[in-house]
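Visitor: prediction below, plus the sequence it came from.
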There are 2 protein chains.
Amino acid sequence: MDPEEFRREAHRVADWIADYLSNPGQYPVLSRVSPGDITRALPPDAPAHGESFDRILSDFQQVILPGITHWNHPGFFAYFAITGSAPGILAEFLSAALNVQAMLWRTSPAATELEEVTLAWLRRLVHLPDAFEGVIYDTASISTLHALAAARERAAPDVRVHGLGARRFRVYCSDQTHSSIDKAVILLGLGHESLRKIPTDAQFSMRPDALVSAIADDRADGWSPLAVVATVGTTSSTSVDPVEEIAAISAREDIWLHVDAAYAGVAAMVPGYEHVLRGAGAADSIVLNPHKWLFTPFDLSVLYTRHFDVLRAAFSLTPEYLKTAETGVARNLMDTGVQLGRRFRALKLWMVCRHFGADGLRARLAEHMRLARLFADWVDQSSGFERMAPVPFSVVCFRAIPPDLLGNETALDAFNEELIDKVNRSGEVFLSHTRLDGRYVIRLAVGNLHTTEVHVARAWALLNSAS
Amino acid sequence: MDPEEFRREAHRVADWIADYLSNPGQYPVLSRVSPGDITRALPPDAPAHGESFDRILSDFQQVILPGITHWNHPGFFAYFAITGSAPGILAEFLSAALNVQAMLWRTSPAATELEEVTLAWLRRLVHLPDAFEGVIYDTASISTLHALAAARERAAPDVRVHGLGARRFRVYCSDQTHSSIDKAVILLGLGHESLRKIPTDAQFSMRPDALVSAIADDRADGWSPLAVVATVGTTSSTSVDPVEEIAAISAREDIWLHVDAAYAGVAAMVPGYEHVLRGAGAADSIVLNPHKWLFTPFDLSVLYTRHFDVLRAAFSLTPEYLKTAETGVARNLMDTGVQLGRRFRALKLWMVCRHFGADGLRARLAEHMRLARLFADWVDQSSGFERMAPVPFSVVCFRAIPPDLLGNETALDAFNEELIDKVNRSGEVFLSHTRLDGRYVIRLAVGNLHTTEVHVARAWALLNSAS
């Protein structure tokens, strides 16, 4: 594609995206295709000869788009609703064009330094101490994996060379913690049974007393406590573990404390919500995901740690062909991760922060929390529904309670499962579920910049008319 | 940013990128900033209030751009030269705008199914058997990590629950293998000493006889051989391990064979180069990186394996909030990886394949190999330079040999190190180095679509005039 053809097609794509973003609500939010539909519409082999971009873009619209679930739709309330905001999208366009590797300082000094600068911005926005240095990974799964690998490195530096051997490490998290912790301990070779899930209280928060006795039991049984993962905003109910108390326990027991604030940590920048990260300043590491609730296109996860040297000790390994004059002078970000190749992700976080400004980011987070509280109020005031968990952030957990099914948990589960399917089929909203205390629970997650009170009210109306 | 402002800014960015790509050679290829320059040009805090995109884009040009090393520059010959081609860039723009998660089938069916379809296209282009199923990860480091985790799962399924315990696994690779294998065994808890590096021959290819005796020694010493990593196109010299012989050894010994063809595997689609992946059809897993040498913007790495069930057994773990009606019916790609969140990466590979067509891809790969051979011929015919390794693909390893330094290896190393710095300071080319047999060696890697014979000749002229 010559530069002028690129220019023409880039303008065409820009217009398509501008049209798309001007009304993502025109599509059904949850894709309506059936398994295999997209595959059947595509040929089994790459074309023998190149095709016009016109034809490719037309197939994108005809074949691919019906198979898209629209995360931009204002009625997207599933999982954690997210927004790839306009400045973030433009930054990704620029980043794809530059196509630089942020593995070494010299492979693009701006990529390394902008990462340091923007992560300092974010750290100060959420009031974390300067002792935390940050690095960008793709996902919270990978950030947490690195945190636990660093914990392992600190506890037993010889594991790097000699392997785990007969050691029996224990990692603690609550029974509400994200599955990425399970995957991390499996991958690290610790085994799934090394993960001990601590019971939670009525608010789905880790019980510090249960943590204390689990650690004591484990020590008596010959386990070595390695790390505790405390969560600020669990994936299921957005519950918050008592980080301050857990931090005190971790310090006393000399255990690495990792705080998973991937979703909710950013709320700490909202006036009145500083308490969200209370205690996290004493943690050894903390993960925040700007791609979740800071309007940054996926993927961009941030790991902050007070022990950057340990992270480097765990992962640094420089083959000859990557040695440069700056080794030891400037930071080479490949030294702090298992991934050698690194996209220029800082650019989008930088553009998002500048476009919205601190006050703009705060206002939007506050508005999402207001919408969630509003919906929670409707639930609380309705006799047909009940709330199933506190609403500390922007997610509401609730279920329908038709009078004739009261007391019959199996029937209530089935009713709510059918209810969610019914409203999702409308194409106007997409809700997902979880289970709390064994009960099937509907989640409404606000996180999209296109979502307004109108859309939340529409979800409520659909739920009421379908139940 | 309202839709019309987005439209306006998107057109502006499109124009900037079109201008940039029309002449990336206008910039010095290797950034000339010093460590700290970019940081000092940026404020320590995020702006309190939002700023105009005009101002952000202007800072991008004034502050960020000087800190960019231009991987698009036709004189970029360092590491592995890459190209984020025009259709790939436009696909990333679309993907950033859609901002979908490819974690579950329902979170965008097209993302899951297009991944299956395009990976089948690629598999057939390089003549791999249909028994290989593919999945996209971000980097080869992560693809290989998953391959070795799957090998561990097959060899000892109880590791998932109980951890490694006192097992002593051994992984084999050549002394030329990429550092990602080292990082993988460390992360998996096997320990660095579990990795046994097999000596190579004069062509830097793994010696099968040495592999056989290493395995025998290890078995006698109580190690359990777990996996062999054979490389097609090593990072240092692009040497090729004898995959067919290694596959026979792996089969006999019942060891997982992983083929790292991240860079060079795509060459197998070029007529006359089918042999490149000879033997790889018998492997258990193989990694190819379209972001390296298939004109796809970073990141997109593909892992193919005959044992998708093992990969799933190693990583599948579905919390309640991710259970859907399609679980068990359609493929949920989160089940085959440590990363839950997944970008819609297949879109760019699909657009690249369609834009170039099979013949277009083949022609460009062949041309890059022609340019490398041409440069190698110049080296071979010159008395001032010598070639240091065979040139099976698009990378030439060589060094200057001024007559007065002949026989003095230390002086030759210093001379070549200075030579590379001198030509890199020109701003016209960027070369990197490696060491082979202990000697400092210059690498010229062709892989950029903007690179023509003119640029290769210019690199040769600069090297000659500086030496």
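Guide: Yep, it's here.

Visitor: pull the number of nearby residues for A:Pro43.
Guide: 9 (other Cβ atoms under 10 Å in any protein chain shown). Where you see a C-beta, it was placed from the backbone N, CA and C, and this is true even at glycine.

Visitor: doesn't it fall inside a helix?
Guide: No - A:Pro43: not assigned to a helix; according to DSSP: H, G, I helix; E, B strand; the rest coil it is coil.

Visitor: could you report the distance from it to chain B?
Guide: 8 Å (Cβ to the nearest Cβ, to the nearest Å).

Visitor: and for A:Leu145?
Guide: Taking Cβ to the nearest Cβ as the measure, A:Leu145 falls 6 Å from chain B.

Visitor: list the buried residues in the strand or helix carrying A:Glu4.
Guide: If you go by DSSP states H and E, A:Glu4 is part of helix A:3-22. Across helix A:3-22, burial judged by 16 or more other Cβ atoms under 10 Å in any protein chain shown covers A:6-11, A:13-14, A:16-18, A:20-21.

Visitor: ok, it near chain B or not?
Guide: Yes - interface with chain B: helix A:3-22 contributes A:3-7, A:9-11, A:13-22 (Cβ under 8 Å from any Cβ of the partner chain).

Visitor: likewise for stretch A:356-375?
Guide: Yes - shown here: stretch A:356-375 in contact with chain B (Cβ under 8 Å from any Cβ) through A:Phe356, A:Gly357, A:Ala358, A:Asp359, A:Gly360.

Visitor: neighbouring contacts of that stretch?
Guide: A:85, A:87, A:125, A:266-267, A:269-271, A:273, A:293-295, A:353, A:391, A:393-396, A:444, A:446-447, A:449, A:451-453, A:456, A:459-460, B:45-51 (Cβ atoms under 8 Å, 6 or more residues apart in numbering or on different chains).

Visitor: of these, buried ones?
Guide: The buried subset of those (16+ other Cβ under 10 Å) comprises A:85, A:87, A:125, A:266-267, A:269-270, A:273, A:293-295, A:353, A:391, A:393-396, A:444, A:446-447, A:449, A:451, A:456, A:459-460, B:46-47, B:50-51.

Visitor: for A:Val338, see how far away A:Lys372 is.
Guide: Residue A:372: Ala, not Lys. Computed as Cβ to Cβ, to the nearest Å, the A:Ala372 to A:Val338 distance reads 36 Å.

Visitor: domain parsing for chain A?
Guide: A:1-30+A:69-84+A:357-467, A:101-343 (automatic domain parsing).

Visitor: can you give me the strands in chain A?
Guide: Counting by DSSP state E, chain A has these strands, from start to end: A:133-137, A:169-174, A:195-198, A:224-231, A:256-260, A:285-288, A:301-305, A:385-387, A:395-400, A:432-436, A:439-445.

Visitor: for those, which one ends up most surrounded?
Guide: strand A:285-288 (a mean of 30; mean count of other Cβ atoms under 10 Å in any protein chain shown).

Visitor: list the strands paired with that strand, with their directions.
Guide: Paired strands of strand A:285-288, with direction, are strand A:256-260 (parallel), strand A:301-305 (antiparallel) (DSSP bridges).

Visitor: I'd like these as TSV, with mean pLDDT appended.
Guide: Converted to TSV, those look like this (pLDDT from 0 to 100):
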stretch	mean pLDDT
strand A:256-260	98
strand A:301-305	98
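
Visitor: need those in JSON lines (columns: distance to A:Ala111).
Guide: Formatted as JSON lines, the strands paired with strand A:285-288 follow (distance: least, Cβ to Cβ, whole Å):
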{"stretch": "strand A:256-260", "distance to A:Ala111": "26"}
{"stretch": "strand A:301-305", "distance to A:Ala111": "15"}
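
Visitor: closest to B:Phe169 out of the ones you listed?
Guide: strand A:256-260 (25.7 Å; Cβ to Cβ).

Visitor: got a list of contacts for that closest one?
Guide: By Cβ under 8 Å, 6+ apart, strand A:256-260 touches A:140, A:144, A:147-148, A:150-151, A:154-155, A:177-178, A:181, A:226-232, A:243, A:246-247, A:250-251, A:265, A:277, A:280, A:282-287.

Visitor: let's see 6 Å
Guide: With contacts defined as Cβ atoms under 6 Å, 6 or more residues apart in numbering or on different chains, strand A:256-260 is touched by A:147, A:151, A:227-231, A:247, A:250, A:280, A:283-287.

Visitor: just stretch A:317-327 next, same as before
Guide: With Cβ under 6 Å, 6+ apart as the criterion, stretch A:317-327 contacts A:Leu104, A:Trp105, A:Arg106, B:Ser179, B:Asp182, B:Ser236, B:Thr434, B:Arg435.

Visitor: ok, and the closest non-adjacent residue to A:Tyr263?
Guide: Nearest residue to A:Tyr263, sequence neighbours excluded (Cβ to Cβ, 6 or more residues apart in numbering or on different chains): A:Gly233, at 4.3 Å.

Visitor: tally of neighbours for the one you found?
Guide: Per other Cβ under 10 Å, the neighbour tally for A:Gly233 reads 26.

Visitor: swap in A:Arg373?
Guide: 15.

Visitor: measure it to chain B for me?
Guide: 21 Å.

Visitor: cool, A:Pro242 as well?
Guide: 22 Å.

Visitor: next one: A:Ala110
Guide: According to Cβ to the nearest Cβ, A:Ala110 and chain B sit 3 Å apart.

Visitor: ok now do that residue, which residues does it touch?
Guide: Applying Cβ under 6 Å, 6+ apart, we find A:Ala110 in contact with B:Ile38, B:Ile64, B:Gly67, B:Ile68.

Visitor: for it, which non-adjacent residue is closest in space?
Guide: That would be B:Gly67: by Cβ to Cβ, 6+ apart, it lies 2.8 Å from A:Ala110.

Visitor: so that neighbour sits right up against B:Arg32, yeah?
Guide: No - assessed by Cβ atoms under 6 Å, B:Gly67 is found out of contact with B:Arg32, at 9.1 Å.

Visitor: quick check: residues of the stretch 201-350 of chain A near chain B?
Guide: A:236, A:297-299, A:317, A:319-321, A:329-330, A:338-341, A:343 (Cβ under 6 Å from any Cβ of the partner chain).

Visitor: filter those residues to the buried ones?
Guide: Buried among these (16+ other Cβ under 10 Å): A:236, A:297-299, A:317, A:319, A:321, A:330, A:338-341, A:343.

Visitor: in JSON lines: the residues you listed, plus pLDDT.
Guide: JSON lines is the format used below for these (pLDDT from 0 to 100):
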{"residue": "A:Ser236", "pLDDT": "96"}
{"residue": "A:Pro297", "pLDDT": "98"}
{"residue": "A:Phe298", "pLDDT": "97"}
{"residue": "A:Asp299", "pLDDT": "97"}
{"residue": "A:Leu317", "pLDDT": "83"}
{"residue": "A:Pro319", "pLDDT": "81"}
{"residue": "A:Tyr321", "pLDDT": "79"}
{"residue": "A:Ala330", "pLDDT": "86"}
{"residue": "A:Val338", "pLDDT": "91"}
{"residue": "A:Gln339", "pLDDT": "93"}
{"residue": "A:Leu340", "pLDDT": "91"}
{"residue": "A:Gly341", "pLDDT": "92"}
{"residue": "A:Arg343", "pLDDT": "97"}
